[in-house]
Every structure is written in C-alpha cells, then in structure tokens.
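Visitor: sharing a sequence plus its predicted fold:
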Amino acid sequence: MAQPRRALSGKLGNAGLCERIVNIGALLSRIVAAVGGGYAVAALASVAVLALPMSKTQAVITGELASFAIYAGAVVWVFAVRSAWRAWAGLLIVAAPLALVTWAVASGHMASLATGGTA
Amino acid sequence: MTSTPAPKTKPQARSIRQTMSDLHTWSGLLVGWLLYAMFLTGTVSYFKDELSQWMRPEVPHRQSLPDPAVVAQHVGDQLVTLAAGSPQWSIYLPTERNPVAGVFWRNPPAPKGALKADASTPRRTFEEATFDSSTGRTLQARETLGGDFFYRFHFQFHPLPVLWGRWLAGFCAMFMLVAIVSGVITHKKIFIDFFTFRWGKGQRSWLDAHNALSVFGLPFHLMITYTGLVTLMAMYMPWGAQTALKTPMDRAQLSAQLSAFPPPGKATGEKVPLAPIAPMVREAQARWGASDVGRVSVTHAGDAAARVAVTRGESTRVSMSPQYLLFDGTTGKLIDVHDGVGPAAETRGVMYALHLGRFSDLHLRWLYFLVSLGGTAMVGSGLVMWTVKRRTKLPDPTRPHFGFHVVERLNIAAIGGLSIAMTAFLWGNRLIPADALRRSVTEVDVFYWAWAATLLYALVRPAKRAWVELLWFGAAVLALLPVLNAVTTSRGLWHSLTTGDWVYAGVDLMLWAFAALHAWLAIRTARHKPKAKPARVMAPVRTTASAPINAPINASLNEDRA
C-alpha cells in the first residue's frame, strides 16, 4: 500500500499474491478515502461556509446545497490520481484550511476570518 | 475499459478516462439495482396523484373543482369535533390532479396516567383522513397508499424505517452523482457518439444505447440527482446547522426559511371558537389566484392561542419555498405575511421544486415522465452492459464465476422483477377486498412478495430464459390489469372514455403501453444472440488505443486539481 500502484506493475509472475494484497489494500484505502474522506471534506466545507459574510441561516443552507458537489468532486479526485497516497494527500490539503475555518467558526473566532473568505 | 481492479499488467499510468471508467462502472454497479428501483418508482411518481385516484375507485370522477374556500370551511367544521384537542391539523386542499381534500392531524398529547399503556401498544401520533371535496364528508374509499407508495419507496424504501431508508437513498443518489460525473469524463466523444448508433451489434449496441440515453437526458439526470439530494440535505449535512444555530430562535429562523409549518405555540387553555376559515382562504386567493391555495394549517383550534396559516400551492411557481399568510385563529385577522425567503433558501426552494415537478402543467409533466423513464433505461442498460461485456471475456461462458452469476441474477430480478412487483401492487389494489383489515399494508406486502418471487425465479432458471419469461409475464400482467379494472370496478376503459374521465383512461392506456414495451423487450431478448468472438477483439482495442493520447491530459488535470 505504501507504494504507487504503477511501481508494482512489473512482469514478475512470482510476486502475484503479494501484489494482489497490496493492490486490494490500495483499493480499500481509496474507497475509504472516497466515501469517508469525501464526506468529511464536504461536511467541513458546509461548516466553513459560515465564515462567509452572509446571514447565518443563508450560510447554513448554502453549505448544505454545495456540499454534494464537493463530495462528488472529492470522490472523482480520489479515483483520478495515480495512487491512494496522493488521494489522501489531496483530501488533506483541502481539508486542512477548511478545518481551520471550521474550528474558528465553531469556537466563535470567526469574526477575524470573516473577511478573508478562506473557505 | 478495464474494470477489474484485480492485478493486471499495467505498462503505463492509467489515464484519467480509464480510472473514471472504473469508477463509473463500480459506483454504478454498487448502487445500480437500488438506483434502478428509485428511478422507476420516482418516474411513476410524477403521476402519483393520478395513480392514487385510479387506486380509489370509490372516489367519483369530478368534472369541475369546487371552491377551495368552501371546501376548507366544510372540512374545518368537521375537524373541530373529529380532531378535538389536536395541537395541529392541516387540510391539503383539492387540486386539478387530486380532487379530494387530504387531512392529517396530530393526536392530542396523552394524559399522564395513560403513558404506561402507550408504551406497550405504540399509538400513532398522526391521524389521516380523506374528505369528499363537494360534500365535506369523510370519504369511504378503500384504504390504500395509492401512488404515494411508489413515491415513498423511491426516496425512503418504504416500509423501511424512514431514517434508514433515507440514508440508503442518499447514499445511492450520491453515487449516482459520482457515476454521472465520471461517466462524462469517461465518455470523451460524448456528442459524436450520440449520433452513431449501431443496432443489433450486441455489446456495442448496449453501449450505444446506454450512451444515447445518458447524453440525451444528461442535464435532466444531473438535475434530478442533485436536487434529489437537496430535498433531504438537512438530514445528510446537518453540521452547519448544528454549529451555527444553537438557540431555539435560530432554529425557528431556519425552519421558517424552509417550511411553511409555523410551530404550534402554547395553548392557553381558554376556550374560544375558531373563526371562519373561508374568508382567510379568500384573502389568500385574492393574493395568489383562485386555485393557488395549497394548504390550511391550524394550530390549537378552539383555543385562545389558535393560529391559521394559509399556504400557497405549488402549481404556479417553480419553487417550494414557503409562502403563507398567518391569521389569528379567534378573530380571523391577518397577523403576518410570509412571502419571501433569503437567496440561498430560494435556491433550495427552486431545486426542490425542479425535483418534484409539481409546477408543471400536463405537457411538461409528460416530458418529465419520459426523460425520467429514459434515466431508468440508462441505469438499466448500464447494469445489463456489465454482464453483456463480461460474458464475452469469460473463460467458459457456460460456467461463469460467482460474481458474474450474482450480478446477472440480480439484474433479472431488479429490472424484470420490479415491473412485475409494481404491477402486482396494482393487482392487489383491485383484488384485496375493499374492507379488508390492514389493507394498505397487505398491498405493500404483495409488492414485496411478488418481487421476492421473481428473484427466486431468476435464481433457478437459466439466465436468458428467466429474462424472456419474466418480461413476457410482466407484459401479461400489465396488459390484463385494465381488464381486471373493468371487471372489478364500474370504471373500465370504455366507461372512462365515454365519460371523459382521462385519469382512468390514461392509467389504463399507459398500462397497455408498458405492456407493449415489455413485450418488445421480451422479443428482442429472445432473438438476441451473443456475438462473443468479435466483441472480444473489439473491447480491448478501444481502451488501449486511447491511453497514450490521454496521458498528458491526465497530468495537467491532476495539477489543476492539486
């Protein structure tokens, strides 16, 4: 699972079982990244929207409306990139700033971020 | 389209179209059977009111609609005694499509001493009733869910627990969305291929049909999938609301943006009779138009704190955002006009309305129905294609591996079987005695037993025979249903045509149209001869040839996204 799938695609017939296990591991990793990670990113984004300068109720609804596009995009990303590692890295790169904003929103520090539109 | 993620020799990085093709195949297959059922029952739901009429033959055919204000008054007068002490009741006023008044009310809270008895025998907290719109009396029609069964099935898999069903539906819809996006990326020459259709070429024809159906309805499929998620978004994505809205005030503000059910306040206990409802409805009619009053909701009728909300209907605007007039229930004075919501809520209202399609007149509804049917065929053809394609690659087609076997049989039961189950539901409606106990539950049971029977049948018969036989059986039960209708009710097709009852005539004729469709599918399936050899050569060519060309596209796309 540690290596990109491409590196494993050698013509070594005797490494079949090992390769198979690693491949299945990478695939499972991607599935978890897509279903769980994608939902997490979408959920974070739906909260981070609250930092935008708009009324609370409208921001809540905007976040809900947009979340499914973000989720779908995340799933596509996870399966588009070369390796499961890149998939997770991409999700984390997007999730980190969203998590920061979400934390700020949830703990009431959103005033300082409200103008930035970091989400 | 190499789809098995199992080991294969991969000489180079997989192009984005290959990975998206895999994603498309697997996301489609994962939820395909449920999606097919959601699509088909959802499609039928565009005529759910008409189906409900057809399933209640005791409700007489009406040429003209009575004044909603008068109906509301009649029904309200009855409810004062029928639903005495109820904290909230709602009257859904008759429309062109549904000539009866549907009512539901909350039961009054149980007295403290009765709590123990309630725990053992859970009491329904809601009551429902149907009223004849001209006499204002309760209708003695057979107990049935009518078209609402298909409607409830399509987004919550009724009678599954509502929460489970909706999460399951949301999961399927989410993967439908992923399948659409990945399908578009996979299918590079999307518009060129739309015009090249190859009939009678086995696998190629399935692919072409699947593509044509998908491309033709693409905007609709995308819209219907996304808006479907939007209808239940507060449940799927509750985190924003939970973070931002801490006080009951906040939450009331949100719900005012989304729904037209003003929360019942506190009853005072002081008995004051309810003011006449008709003038309130007339005031709403003056504002929105005579036939555009959807619902009258009353909280604490008979109490000094009574409120009446007259809500705008759904038929004259493309939005479900709440618009209502709030009246003081004791004096009949207008207290509040709620006629607009914020931009995000309005967007959500429009998306919701686009999904339900209740704004549409008859022509648009038929268009919705047909394109939606195309969407059903898109999902169905995608499912079938999986087996058609893999059959050609099987080492020994007579002894397929387990996974293939499962997909093949589930396809037969999910596609061929569902038509039979849905028709069986309608047969049940005509055959179960009108006064039977738990009648509407039994109808639903008939649906599931019929479906289970088709699965069993699909498991024991050879695959192709099972397809053909179930399709013919479906055609037969569909074709005979109008005959059964003519025998068991006084409202057969001839009667409907001569009296101008287009709802009854329309349902009967549609059943025959569907019967013809099933017969056609049965004939085509029976004549189908798998062309194993040519397909085997063609399949790999398509994918490998495109791989190198797409590698740079893949790289740049990845950079863009990172």
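Guide: The structure has been received and is ready for your questions.
Visitor: surely B:Val298 forms part of a helix?
Guide: No: using DSSP: H, G, I helix; E, B strand; the rest coil, the assignment for B:Val298 is strand, not a helix.
Visitor: neighbours of it, how many?
Guide: 29 (other CB atoms under 10 Å in any protein chain shown). Quick note: C-beta positions are derived from backbone N, CA and C, even for glycine.
Visitor: wait, it touches B:Trp89, no?
Guide: Yes: applying CB atoms under 8 Å, one finds B:Val298 in contact with B:Trp89, separated by 5.5 Å.
Visitor: list residues touching both of these two?
Guide: B:Leu79 (CB atoms under 8 Å, 6 or more residues apart in numbering or on different chains).
Visitor: secondary structure class of the one residue in the stretch 351-500 of chain B that gets nearest to chain A, three-state.
Guide: Across the stretch 351-500 of chain B, no residue is closer to chain A than B:Met351, which sits at 7.4 Å (CB to the nearest CB). Under three-state DSSP, B:Met351 falls in the helix class.
Visitor: from what I see, it and B:Thr227 are in contact.
Guide: Yes: applying CB under 8 Å, one finds B:Met351 in contact with B:Thr227, separated by 4.4 Å.
Visitor: look up the closest residue to B:Leu326, ignoring the ones flanking it.
Guide: B:Asp336 (4.1 Å; CB to CB, 6 or more residues apart in numbering or on different chains).
Visitor: these two touch, right, the one you found and B:Pro322?
Guide: No: the criterion here is CB under 8 Å, and B:Asp336 misses it with B:Pro322 at 12.0 Å.
Visitor: please report the distance of the residue nearest to B:Leu326 from chain A.
Guide: Distance of B:Asp336 to chain A, given as CB to the nearest CB, to the nearest Å: 17 Å.
Visitor: look up phi and psi at B:Ala141.
Guide: B:Ala141 has phi and psi values of phi -110, psi 160 when expressed as degrees, to the nearest 10.
Visitor: all strands for chain B, in order.
Guide: Using DSSP state E, the strands of chain B run over B:88-92, B:101-106, B:126-131, B:293-299, B:307-312, B:324-328, B:334-338.
Visitor: would you turn these into JSON lines with mean pLDDT?
Guide: Output for these, formatted as JSON lines (pLDDT from 0 to 100):
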{"stretch": "strand B:88-92", "mean pLDDT": "91"}
{"stretch": "strand B:101-106", "mean pLDDT": "89"}
{"stretch": "strand B:126-131", "mean pLDDT": "84"}
{"stretch": "strand B:293-299", "mean pLDDT": "92"}
{"stretch": "strand B:307-312", "mean pLDDT": "93"}
{"stretch": "strand B:324-328", "mean pLDDT": "93"}
{"stretch": "strand B:334-338", "mean pLDDT": "91"}
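Visitor: as a markdown table, the ones you listed with distance to B:Asn411 would be great.
Guide: Converted to a markdown table, these look like this (distance: least, CB to CB, whole Å):
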| stretch | distance to B:Asn411 |
| --- | --- |
| strand B:88-92 | 39 |
| strand B:101-106 | 38 |
| strand B:126-131 | 37 |
| strand B:293-299 | 41 |
| strand B:307-312 | 44 |
| strand B:324-328 | 47 |
| strand B:334-338 | 49 |
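Visitor: burial of the residue nearest to B:Leu326, as a residue count?
Guide: 13.
Visitor: buried residues in the biggest helix by length in chain A?
Guide: What stands out as the longest helix in chain A, according to DSSP state H, is helix A:56-80. Buried residues in helix A:56-80, counted by 16 or more other CB atoms under 10 Å in any protein chain shown: A:56-68, A:70-80.
Visitor: try stretch A:22-38
Guide: So for stretch A:22-38, counting by 16+ other CB under 10 Å, buried means A:Val22, A:Asn23, A:Ala26, A:Leu27, A:Ser29, A:Arg30, A:Ile31, A:Ala33, A:Ala34, A:Val35, A:Gly37, A:Gly38.
Visitor: one more: stretch A:78-98?
Guide: Those would be A:78-88, A:90-91, A:94-95, A:98, for stretch A:78-98 by 16+ other CB under 10 Å.
Visitor: among those, name the ones in helices.
Guide: Short answer: those in helices (DSSP H) are A:78-80, A:84-88, A:90-91, A:94-95, A:98.
Visitor: also near chain B: which of these, exactly?
Guide: A:Phe79, A:Ala80, A:Gly90 (CB under 8 Å from any CB of the partner chain).
Visitor: distance check, the spatially most central residue of chain A against chain B.
Guide: The geometric centre of chain A, computed from its C-alpha atoms, lies nearest to A:Leu91 (CA atoms, centre = their mean), at 3.0 Å. Separation of A:Leu91 from chain B (CB to the nearest CB) stands at 11 Å.
Visitor: correct me if wrong: that residue contacts A:Ala33.
Guide: Yes: using CB under 8 Å, A:Leu91 makes contact with A:Ala33 at a distance of 6.1 Å.
Visitor: got any residues that touch both of the two?
Guide: Common neighbours of A:Leu91 and A:Ala33 (CB under 8 Å, 6+ apart) are A:Val78.
Visitor: now do stretch B:242-254: distance to the chain's middle.
Guide: Distance of stretch B:242-254 from its chain centroid, counting by CA atoms, centre = their mean, to the nearest Å, is 30 Å.
Visitor: repeat that for stretch A:44-59.
Guide: With CA atoms, centre = their mean, you get 19 Å for stretch A:44-59.
Visitor: ends of it, how far apart?
Guide: 13 Å (CA to CA, to the nearest Å).
Visitor: mind checking the pLDDT average for it?
Guide: Here stretch A:44-59 scores 93 as its mean pLDDT.
Visitor: please list the residues of the stretch 101-250 of chain B that sit near chain A.
Guide: B:174, B:177-178, B:181-182, B:185, B:226, B:229-230, B:233-234, B:236-237, B:239-241, B:243-245, B:250.
Visitor: any quick ChimeraX command for the buried ones out of the residues you listed?
Guide: Here is the ChimeraX selection string for the buried members of those, based on 16+ other CB under 10 Å:
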select /B:174,177,178,181,182,185,226,229,230,233,234,236,237,239,240,241,243,244,245
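Visitor: how does chain B divide into domains?
Guide: B:68-108+B:124-143+B:237-355, B:394-527 (the TED database).
Visitor: ok now the first one, how far from the chain's centre?
Guide: By that I understand domain B:68-108+B:124-143+B:237-355. On CA atoms, centre = their mean, the centre of domain B:68-108+B:124-143+B:237-355 falls 23 Å from that of its chain.
Visitor: how about stretch B:412-430?
Guide: 16 Å.
Visitor: same deal with stretch B:419-435?
Guide: The answer for stretch B:419-435 is 19 Å, by CA atoms, centre = their mean.
Visitor: buried ones in it?
Guide: B:419-430, B:432, B:434.
Visitor: so where's chain A shaky on pLDDT?
Guide: A:1-15, A:109-119 (pLDDT under 70).
Visitor: for B:Leu325, see how far away the residue nearest to B:Leu326 is.
Guide: Per CB to CB, to the nearest Å, B:Asp336 is found 7 Å from B:Leu325.
Visitor: and if you look at A:Val75?
Guide: In terms of CB to CB, A:Val75 sits 44 Å off from B:Leu325.
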